[in-house]
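Novice: Can you look at this prediction? I've put the sequence above it.
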Amino acid sequence: LWQEEKKKVIKQALNSFLFPLFEDEVMKDLAAAAIKFGVAEAASSLQAMAFEGPYRPNNLLGENRFIVPTGELPFVGVSVGLDSREATFLAAVSARGELKSSLAIPAGKQVTDLDMHDKVVGFLMSARPSAVVVGTAGGILSRLLNRKLSDIVNEATEKWNNRLLRGEDEDDEEYGARKRDFENRYGMFENYDDQDGELWKCNVDLIDDNVAQLFGRSVRGTKEFPDAPVNLKCAISIARHAQDPLAELCYAWSVASDTGNFGVEMLSMNVHPLQRHVPRAALLRSYERALCRAVAEVGVDVNAACTLDHKHGALQFVPGFGPRKAANLKQNVARMGGSVPSRKYLLAKRLLGPLVYNNIVAFLRIRVCEQLSVR
């Protein structure tokens, strides 16, 4: 009888107390491991996006990257209207990422329409981008537009490259009339004559516009382009993302929320399927570390970061730096003339202290810019 009572007590203790405790501990460990795994996977996906590298046009694909680097190239970004009432925008962006010109294709219009076709051809010849990149947010509409723009780009490049050719049966008067007609229609001829004789090469491609769609609807997009429609801002960001994906990701981080937290905008990006199931704070910490690793590997162009707002975000991810020091450096560089001729200049002009300089100097790069060329 006593043995039976002991068995009942032990069974009740196991079923009512110990097993539930064990189950709770295992569930907590599994949940912690799942969160850790989800955060690591999301950070890995973001780091892969950061290391994607600049878009390389088709005419450079056969060249060695070390012999013929991609460099800074002008692009035209295209954001497709997702609604029947939204216009599709083409944005021509300079090699530095600055908006040069734009063209709107109104809702209900097609690029193949006669009037729009001529406008797009003229716009492309005026901008002469290295590539036209179309955002993928439009789905099948983006694919259809990509095919149509490919034909238009081929026509524009052929027309531009043959603009100086003279027909066999064309006399001086006819040749002069054609030149004037070309200049009147497209607003250029002599001023755009290539001295080096290189042909204009351009291709059309699709590009993920996840970051661009975020910029078009963000506070920083409204601050930089207050009067621009959403799709125009998206088109600008698409072209910038093709030029420098890492800079666009860092730019998305650089705006603080109402609570003072940086990077909250990036929580709206589709980085990984598991990102919705992990704590936001842990996800932001992992994103920050991923961007720091990427910037440490790639480095930062000081002159571009201190001159252009959309490239300034990368400066705060330099190891040993931060948002406050990055903002102070930008203000000091602007006060000293807007350019840094060498890394030692930062120390010589006391733009940085010796300790900070020693920590970050290995991650800073100096490229030739307009201000340095003037000097």
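Specialist: Alright, I've got the coordinates.

Novice: Residues touching the helix or strand hosting His312, excluding its own?
Specialist: Using DSSP states H and E, His312 maps to helix 309-312. Identification of contacts with helix 309-312 by Cβ atoms under 8 Å, 6 or more residues apart in numbering yields 97, 224, 240, 244, 247-248, 251, 254, 301, 304-306, 326, 330. To be clear about C-beta, it is placed using only N, CA and C from the backbone, and glycine gets the same treatment.

Novice: so what does the helix or strand harbouring Thr222 touch, helix or strand wise?
Specialist: Following DSSP H and E, one finds Thr222 within helix 219-224. For helix 219-224, the elements it packs on are helix 230-243, judged by 3 or more Cβ pairs under 8 Å, 6 or more residues apart in numbering; DSSP states H and E.

Novice: Would you mind identifying the next helix or strand past the helix it packs on?
Specialist: Note on helix 230-243: by DSSP H and E, the next helix or strand toward the C-terminus is helix 245-253.

Novice: hang on, the earlier thing: show me which of the contacts of helix 309-312 are buried.
Specialist: Neighbour counting over the contacts of helix 309-312 (16 or more other Cβ atoms under 10 Å) leaves 97, 224, 240, 244, 247-248, 251, 254, 301, 304-306, 326, 330 as the buried ones.

Novice: In this structure Asn59 contacts Lys201, no?
Specialist: Yes - taking Cβ atoms under 8 Å as the definition, Asn59 is a contact partner of Lys201 at 4.2 Å.

Novice: quick one: pLDDT of the residue nearest to Ala239 when sequence neighbours are not counted?
Specialist: Once flanking residues are discounted, Ala239 sits nearest to Gly77: 3.2 Å by Cβ to Cβ, 6 or more residues apart in numbering. Looking at Gly77, its pLDDT stands at 96.

Novice: tally of neighbours for Gly77?
Specialist: Neighbour count for Gly77, taken as other Cβ atoms under 10 Å: 31.

Novice: Contacts for the helix holding Thr222 next, please.
Specialist: Contacts of helix 219-224 with the rest of the structure, by Cβ under 8 Å, 6+ apart, involve 215, 228, 233, 237, 251, 254-255, 265, 309-310.

Novice: repeat that for 6 Å
Specialist: Applying Cβ atoms under 6 Å, 6 or more residues apart in numbering, the external contacts of helix 219-224 come out as 215, 233, 255.

Novice: Any chance you could give me that helix in PDB, C-alpha atoms only?
Specialist: Only the C-alpha atoms of helix 219-224 are listed here, as PDB (Å, rounded to 0.1, in the frame of the first residue of the first chain):
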ATOM      1  CA  VAL A 219      10.100  61.400 -44.900                       C
ATOM      2  CA  ARG A 220      13.600  61.700 -46.400                       C
ATOM      3  CA  GLY A 221      12.100  61.500 -49.900                       C
ATOM      4  CA  THR A 222       9.700  64.300 -49.100                       C
ATOM      5  CA  LYS A 223      12.500  66.400 -47.600                       C
ATOM      6  CA  GLU A 224      14.800  66.000 -50.600                       C
END
